[in-house]
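J.: I need the structure of the sequence given here:
(one chain, ligands or ions: 1)
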Amino acid sequence: MVASDLIEIENVVIIGTGLMGTGIAQVAIEKGFAVTIVGRSQDKLTQSQSKIRNGLNRIAKKRFPDDAATAEEFVEGLLDNLSLVKTIAEAPIEDAQLIIEAIVENLKVKQKLLADLEPRLANNAILCSNTSSFLLEDVSDKFNSPERFAGLHFFNPVPAMKLCEVVKGGATSDVVYDSLLAFVRKLGKTPVKCGDTPGFIVNRLLIPYLLEAIHMNERGDASKEDIDTAMKLGTGHPMGPFELLDYIGLDTMKFVVDGWHQRYPDDPRFAPSETLDALVAEGKLGRKSGEGFLSHAPRG
Ligand code: 3HC
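T.: Numbers count the residues shown, from 1 in each chain. Predicted coordinates:
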């Protein structure tokens, strides 16, 4: 395929103001894409915008350490590429070449969103899901043009993590897939190609690893602190498994484990953990709630 065959992406609509939607929007406006974020309330949109501003300020301070005025101009210039809307009806879906859904991990809600978007998509538009646990095949169950549907799975924190998994659904067309690979490279991320299998590459390896760390501690084989130290110093990971579990969020972890266990009940790699379930039931969700497997000082 030659480059001219690719779909030229300029306008991006991101649905969802969570960590992922916000992070993807930050990276995309930084690279000059015109981005609209769709949120559920003005509060969520305002929070998302202020996270983006903070993230861009970090970059600006590094780039212009001795020039506050230029740094501010740089940030405000990039923020001009960002629009915020409260409803899908207000979003410029018809003008977008790429729409990324980064909403709650709820299959029915995702399916309905895709079906609602379908009649408004431009002829060349690509629709992507940032799902981390569902199969694309299931997410696109009620979507009638699966050739223009694929997965773009980013990692948290999006501005810092250099990877994006580009997931090819069973029907994703080559031109759509190659256009997404090019888009990801323009974002400054490294794309990896993967098929529509549970957890794609990273989560398929990461979730069993995190679960085994929990089971190891449940068996009394080692303390959480020693397991974390071992994996950081023994394998060079930036965070040990318990730090990472708390970073990802225990509710998210439980959601993925439960979903996979339900789908593959006999697979011991996805066996639930009583400790994880109990922490979630107590509202100990990790960093975001101040406590999870570890306790976290309030962030300033
Ligand atoms: N905007 C811009 N830049 C940012 C940023 C933001 N919001 N957040 C971080 N950064 C940049 C920093 O500026 C810094 O850049 P530099 O190296 O050029 O100075 C770099 O990222 C590292 O940030 P910090 O110095 O603040 O912090 P640390 O060095 O302590 O690293 C960390 C923090 C990047 C979170 C690191 O601990 C890490 O990599 N942890 C592992 C995270 C991980 O594994 N994520 C994947 C989770 S799994 C997932 O997301 C899949 C899902 O489906 C479950």
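
J.: Could you use CA atoms for every contact and neighbour count after this?
T.: OK.

J.: Show me what the lowest-mean-pLDDT helix or strand in the chain is packed up against.
T.: The helix or strand of the chain with the poorest confidence is helix 250-263; it has a mean of 94 (mean pLDDT, DSSP states H and E). Helices and strands touching helix 250-263, as assessed by 3 or more Cα pairs under 8 Å, 6 or more residues apart in numbering; DSSP states H and E, comprise helix 274-281.

J.: which of the residues in the helix it packs on are buried?
T.: 276-277, 279-280 (16 or more other Cα atoms under 10 Å).

J.: Likewise for stretch 32-40?
T.: In stretch 32-40, counting by 16+ other Cα under 10 Å, buried: 32-39.

J.: Leaving out chain neighbours, which residue sits closest to Ala150?
T.: For Ala150, ignoring the flanking residues on the chain, the nearest one in space by Cα to Cα, 6 or more residues apart in numbering is Cys128 at 5.0 Å.

J.: pLDDT averaged over stretch 188-206 - what is it?
T.: Taken as a whole, stretch 188-206 carries a mean pLDDT of 97.

J.: what does it contact?
T.: 132-137, 161-170, 181, 184-185, 260 (Cα atoms under 8 Å, 6 or more residues apart in numbering).

J.: all strands of the stretch 101-250 of the chain, in order?
T.: 126-129, 149-154, 163-168, 190-195 (DSSP state E, counting those that start in this stretch).

J.: Of those strands, which is nearest Lys284?
T.: Among those, the nearest to Lys284 by Cα to Cα is strand 149-154 (24.9 Å).

J.: and stretch 218-236, is it in reach of the ligand?
T.: No - with Cα under 6 Å from any ligand atom as the criterion, the ligand is not reached by stretch 218-236; the gap is at least 10.5 Å.

J.: circling back: tell me the one of the buried residues of stretch 32-40 nearest the ligand?
T.: The closest of the buried residues of stretch 32-40 to the ligand turns out to be Gly32 (Cα to the nearest ligand atom; 15.4 Å).

J.: Can you pull out the residues in contact with the top helix by length along the chain?
T.: The residue-count maximum for a helix in the chain (DSSP state H) belongs to helix 42-63. For helix 42-63, contacts defined as Cα under 8 Å, 6+ apart pick out 17-18, 22-23, 25-26, 30, 37-39, 68, 71-72, 74-75, 79, 84-86, 159.

J.: what residues does this protein put near the ligand?
T.: Near the ligand, when you scan the chain using Cα under 6 Å from any ligand atom, you find 55, 58-59, 132, 155-157, 159-160, 238-239, 248.

J.: Now do the helices in the stretch 151-300 of the chain.
T.: Ranges of helices within the stretch 151-300 of the chain are 174-186, 202-218, 224-235, 241-248, 250-263, 274-281, based on DSSP state H, counting those that start in this stretch.

J.: out of those, deepest packed?
T.: Here the criterion is mean neighbour count by mean count of other Cα atoms under 10 Å, and of the helices of the stretch 151-300 of the chain the winner is helix 241-248, at a mean of 22.

J.: for it, packing partners?
T.: Packed against helix 241-248 by the contact rule (3+ Cα pairs under 8 Å, 6+ apart) you find helix 202-218, helix 224-235.
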